[in-house]
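Asker: 3D, please:
(chains A and B)
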Amino acid sequence: MDLFYTCRTQIGAAVAHNVRLNASQAAEAVLDKQVIGSTTSTKASTAKKAQSMESQSFAVNMFKGQINPSQVFPFPSVLNEEQTQFLQELVPPISKFFEEVNDPMKNDSLEKVEDSTMEGLKEMGAFGLQVPTDLGGVGLTNTQYARLVEIVGKHDLGVGITLGAHQSIGFKGILLFGNSAQKEKYLPKLASGETLAAFCLTEPSSGSDAASIRTTATLSPCGKHYLLNGGKIWISNGGLAEIFTVFAKMPIKDEKTGEMKDKITAFIVERSFGGVTHGPPEQKMGIKASNTAEVYFDNVPVPVENVLGEVGGGFKVAMSILNNGRFGMAAALSGTMKGVISQAVDHAANRVQFGSKIHTYGVIQEKLARMAMLQYVTESMAYMISGNMDSGSKDYHIEAAISKIFASEAAWEVADECIQVMGGMGFMKGSGVERVMRDLRIFRIFEGTNDILRLFVALNGFQDAGKHLKSLQKAMKNPLGNAGLLAGEVTKRVRRRAGLSTGLTLQGSIHPELSYSGDLAVNAIEHFGVTIENMLFKHGKNILHEQFVLKRVADSAIDLYAMIVVLSRASRSLSQGHASAQHEKILCETWCVEANDRIMKNVRDLKSNSTTQIFKNIKAISAAMVENGGTVSPHPLGF
Amino acid sequence: MSRVLVGVKRVIDYAVKVRVKPDHSGVVTDGVKHSMNPFCEIAVEEAVKLKEKKLFKEVVAVSCGPAQATETIRTALAMGCDRGIHVEVTGKDYESLGPLQVSKIFAALAKKEEASLVILGKQAIDDDCNQTGQMTAALLDWPQGTFASEVEIEGDKVKVVREIDGGLETIKINMPAVVTADLRLNTPRYATLPNIMKAKKKKIANMKPADLGVDIVSRLEVLRVDEPPTRLAGVKVETVDDLVAKLKESGTI
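Answerer: All right, here's what the predicted structure looks like:
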C-alpha cells in the first residue's frame, strides 16, 4: 500500500484536473479533443467514471500498461461483399491509368501535372473519391480509399499530393463539419474536379505552432460577412484552387470570464469572393508536380454562412481534418515502398558481381529483408487504422499519428536503401528512384512534423495514463466502494515491480505459432506501462518540458503498436492458411524481436542516470552552438 | 432493332508470366491475374463508339465462362455497353470450350437478340485461335469483315478496311454482318469510376448453352501442354573456318 500513498500525493500534484499543458501545440490539440472528464460530475462513482472514460483504442490502453484487443485483434476485415467487388473493379482502371497515361518524369520536369493527365483524372472520378454518391462522388469508405491511394502512391507522389491536398485536407472540412447547405453547394463541383480545393493554415510565423496564426477575420458592421486579412504560405494547390479552407483568428468573448480572447475559426472561402491572390509556384526538392504557392487574403468578404463548424472552433476543425486524413498517407506510402522494392529486387536478382548474383550476398539480403519488413508494418498499420475508422472508432488519433511517423520514415529509409542496392544506377534520373526519394522528403515534415507528432503521441498517452492514475487516486478516497478496482491495481503494480507477469496475455488473440512474439509484446507493454507511470511520478506536469523523455516514449509506443499490428496481420494469414503465411510469420517474428530490443533499450535509458547526463550534455552542446552561430570548436589546424 | 452484340473473353492478363501446370494438362489459372482480352476491349470500344454516333441503339456484351466472366462483362458495361449476357460454362466444359462451341453460342444469340452487327476481337491472347469470328459468320451465313482497322457504317452496309499481309484491303459488306477487331481499329477508353458505378445498375442476364439449344461437347482433346524449349546458350567462334566446321559437325550443312 506504500506505493499507493506515494501515488496519491504525486498524482494529485501531477495531473490536476484542468492542467492546461499549453506550451506545446500537441498538448493544446490533446486538450481541445477533451470531450470526456468534466469538472463537475463528482456524483458518479469513480469506478463508473473510469469505465465510461475507457477508450477502446489499443494505443491509449497500452500507455496504461493494459491490453485492449478489441480494435486490433482480429485484423479488421470491414468490406462487405459488394464493397469488395466494387473495389476490385476500381483497381484495374486506376492502375492502368497510372501505368499508361500518367508520366511521373514529365510531371516532375514540367513541375506540374500534365493537362491531359489532370483531365483524365477528373474524368476518372479521382477528385471525389470520398464524396457521397448523391453529391457526385464515388462514396468510398476509408478502406476503399486507402486501396486506391496506394496505387497513386506507387506511381506518382506529386499527383498523390495534388489529389490529397484537394480531397484529403482541402475540402475534408466540408465533409466532416459542413452543414447540408454547404455540402450541397460545394461538394458536387469539388467531386468532379471542376473546382479544386486547398487547405490554408500555415503562415510565415506559424508552422508547427498553428495556434499562433495571425490571419484575421473581422465581422463586418452589417453582420453579414467577415473580412479576411492575411497571408498563407506553402499551400498545396494554392495556385490552382477555387475553394479554400482558411483558418483565421477572431476575438471571441470567453463565456466564463467575459474577456475577449483570440480564437480560430475555419472558413470556406471562394476565390470568386474577390481579394484572393496567389504567388508563383514554389521551387521544391520534390513533389514538383504539385503546385505549392503563397495565398494572400486582402479584405476578402466571406459570408457568415461560410463559417465551417463553430465560430471559435477552428483549431479543432484543423486538427480533425489532419487527423482524419492521416491514414491515407500510410496507405500511399506503403504503395510507394512496394514500387521501389520491386526495383531493388529486380536489380539484386539480376546483377552479377564477383561471379554471383548480388542477392546471394548477406549485405544485400539484409537490405531487402528490412525493406520488406518496413513495408509490411506500414501496410498493416494503414489498413488496421482505416478498418477501425470504418468500423466507427472515433479515438484513433494516436494510432493515426503513429502511422504517419512510421510510414514517412520507413518510406525514406526504403527508398534510400533501394538506391543503395542499385548502386550508381539508383542515383541516375532514368531509374526513377531518385525522384521518389526527393518526393518522399516532405512527408516527414508536412501534415504535422514527425517531431511534433511524437510529442503528441507521448503527451496524449501520458494524459490518458495520468487520468487513469487520477481516477485511481479518487478510488483511493473511497476504498471500500472501489475495493475490487484497487485490489487489482495494487496486485498489478506489486507484480510488475517484482518483474512478474500480471497475467496480461495475447493468448487467444493471436495464432499459437506466434506465441513467442506475442509474449515479447506483452512483456514490452508491461515495461512500457511501468515506465509511463514512473515518468509521471518523476516529472509530474513538467513532463511536458521533458522532450528527450517524450521522444523516447513515443519511439517505444510506435514500436509497440507496430509489433501489435504485425502480430494481428500475421495471425490472420496463418489462421486463413494463406500461401504466404509462413513468410509473414518470419517477417513478424523478426520485427518483434528487434522492436522489443529497441523498446527495452528505451525503457532502460529512461531509468538510467547516464542518459540523464546525456540529456544535460545535449542541452549544453545546443546552447553553445546557438551562441556561436554554428559549430563551436576551433579548427584543428587553429585557423 | 439496331443492336450490336460484342463478345468479350476473360483471359490471363497479358503482363503475367504464364506457367504450365505440373501435370502438363494446361496452364496455371488459380490466383493468376485475369483481364479482358485486349482485342475484345477494342471490339467493345468500337461498338460503344458506333452507339455514341447514334448508328445503333443498344450494345450487348456477351461472355462465355464461369462466374468470374461477369467481371469481364462489368468492365464492358463500364466502358459503355448497355447490358450483358453471361453464358455460364464451368468446370471441364469450360476447359474444353473452344471457338466452334463459342461461335455456335454467338450465332444463336445473334439470332435471338436480332443483332445487326456482331463485333469480336480478332483472336484471344491465350489460345491465339483467330477462328471464332469467322465460324460465327459461317454458322449464320452472314458476311464477315475480319482484321478490321477501320469500320464505317454506310446505310445498311459496312465498309471495312482489313489489315492483310500485303497491306490494306477495303471491302463493303451487307448487314447483318460479323466484324473482328484488329489492333489499330481504335484505342479503348479507360473505365472511369463514375462509369463503373453506373455499370452496377446495368443488367447481366444469365443463361446456359442448353437454353440456346447449343451442344458444347468438344471434338478436340488436349493431350499435353509444354513450355517452349529453353533457349540453349550459343557458341562463339573465332573465324569463318571454325564456323563452317561447327556447322558441319552439327549436321546443319
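
Asker: Contact residues of chain A facing chain B?
Answerer: A:86, A:88-90, A:92-94, A:96-97, A:101, A:120, A:123-126, A:129, A:133, A:138 (Cβ under 8 Å from any Cβ of the partner chain). Where C-beta positions appear, they are placed from N, C-alpha and C, glycine not excepted.

Asker: what about the strands in chain B?
Answerer: Ranges of strands in chain B, per DSSP state E, are B:3-7, B:10-12, B:34-36, B:58-65, B:83-88, B:117-121, B:144-154, B:157-164, B:167-174, B:177-181, B:204-207.

Asker: What strands flank the first one, and is each parallel or antiparallel?
Answerer: According to DSSP bridges, the neighbouring strands of strand B:3-7, each with its direction, are strand B:58-65 (parallel), strand B:117-121 (parallel).

Asker: follow-up on the earlier one: and the strands of chain B: which comes nearest A:G339?
Answerer: Comparison of these against A:G339 by Cβ to Cβ identifies strand B:34-36 as nearest, at 20.3 Å.

Asker: and A:P74, what does it touch?
Answerer: A:S509, A:S568, A:S571, A:R572, A:S575 (Cβ atoms under 8 Å, 6 or more residues apart in numbering or on different chains).

Asker: Oops, could you answer that again for A:V522 instead?
Answerer: So A:V522 contacts A:I67, A:S501, A:L504, A:T505, A:L506 (Cβ under 8 Å, 6+ apart).

Asker: which bits of the stretch 101-250 of chain B sit near chain A?
Answerer: Counting by Cβ under 8 Å from any Cβ, the stretch 101-250 of chain B sits next to chain A at B:Y190, B:A191, B:T192, B:L193, B:P194, B:I196, B:M197, B:K200.

Asker: Now the second one: closest residue in space, sequence neighbours ignored.
Answerer: I take that to be B:A191. Counting by Cβ to Cβ, 6 or more residues apart in numbering or on different chains, B:A191 lies nearest to B:A78, which is 3.7 Å off, once chain neighbours are set aside.

Asker: Does that neighbour touch B:Y190 like I think?
Answerer: No: B:A78 is beyond contact range of B:Y190, at 9.3 Å (criterion: Cβ atoms under 8 Å).

Asker: Give me the more crowded residue out of those two.
Answerer: Ranked by neighbour count (other Cβ atoms under 10 Å in any protein chain shown), B:A78 and B:Y190 place B:A78 first, with 25 against 19.

Asker: re earlier: make a PyMOL selection of the buried ones in the residues of chain A next to chain B.
Answerer: Selecting the buried subset of the residues of chain A next to chain B in PyMOL, with 16 or more other Cβ atoms under 10 Å in any protein chain shown as the burial test, is done by:
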select buried, chain A and resi 86+89+90+92+93+94+97+120+123+124+125+126+129+138
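
Asker: Count the residues that sit near B:L50.
Answerer: 20.

Asker: any idea of the pLDDT on it?
Answerer: B:L50 carries a pLDDT score of 96 in this model.

Asker: what's the next secondary structure element after the helix or strand hosting A:M535?
Answerer: For A:M535, the host element (DSSP states H and E) is helix A:515-539. Beyond helix A:515-539 in the direction of the C-terminus, DSSP H and E gives the next helix or strand as helix A:547-575.

Asker: Which neighbouring elements make contact with the next helix-or-strand element following that next one?
Answerer: The C-terminal neighbour of helix A:547-575 among helices and strands, as given by DSSP H and E, is helix A:581-607. The contact analysis (3 or more Cβ pairs under 8 Å, 6 or more residues apart in numbering or on different chains; DSSP states H and E) places helix A:581-607 against helix A:362-390, helix A:515-539, helix A:547-575.

Asker: Would you agree B:S2 is in contact with B:K54?
Answerer: No: with contact defined as Cβ under 8 Å, B:S2 does not reach B:K54; the gap is 9.5 Å.

Asker: The two: which is more packed in?
Answerer: The neighbour comparison of B:S2 against B:K54 (other Cβ under 10 Å) goes to B:S2, with 16 against 8.

Asker: now the more buried one, nearest residue through space, not along the chain?
Answerer: Nearest non-adjacent residue to B:S2, counting by Cβ to Cβ, 6+ apart: B:F56, 4.6 Å away.

Asker: give me the element A:I233 is part of.
Answerer: Residue-wise, A:I233 maps onto strand A:225-236 under DSSP H and E.

Asker: pLDDT wise, what is B:G234 at?
Answerer: pLDDT for B:G234: 81.

Asker: A:L219 too?
Answerer: At A:L219, pLDDT is 94.

Asker: can you pull up the bridge partners for the residue lying closest to it once chain neighbours are set aside?
Answerer: Leaving out its chain neighbours, the residue that sits closest to A:L219 by Cβ to Cβ, 6+ apart is A:Y226, at 5.7 Å. For A:Y226, the beta-bridge partners are A:L219, A:V302 (DSSP bridges).

Asker: Isn't A:Y226 up against A:M250?
Answerer: Yes: A:Y226 is in contact with A:M250 according to Cβ under 8 Å; the separation is 7.4 Å.

Asker: shared neighbours, these two?
Answerer: Shared contacts of A:Y226 and A:M250, counting by Cβ under 8 Å, 6+ apart, come down to A:A217, A:T218, A:L219.

Asker: In chain B, which residue sits closest to chain A?
Answerer: B:L193 (3.4 Å; Cβ to the nearest Cβ).

Asker: how deep is that residue tucked in, by neighbour count?
Answerer: B:L193 has 25 neighbours, counted by other Cβ under 10 Å.

Asker: Return the residues in contact with the nearest residue to it once chain neighbours are set aside.
Answerer: In space, and not counting its chain neighbours, B:L193 is closest to A:G125: 3.4 Å by Cβ to Cβ, 6+ apart. For A:G125, the contact set (Cβ under 8 Å, 6+ apart) comprises A:G137, A:V138, A:A191, B:T192, B:L193, B:P194.

Asker: The first one reaches A:A191, doesn't it?
Answerer: Spelled out, that is A:G137. Yes: A:G137 is in contact with A:A191 according to Cβ under 8 Å; the separation is 4.1 Å.
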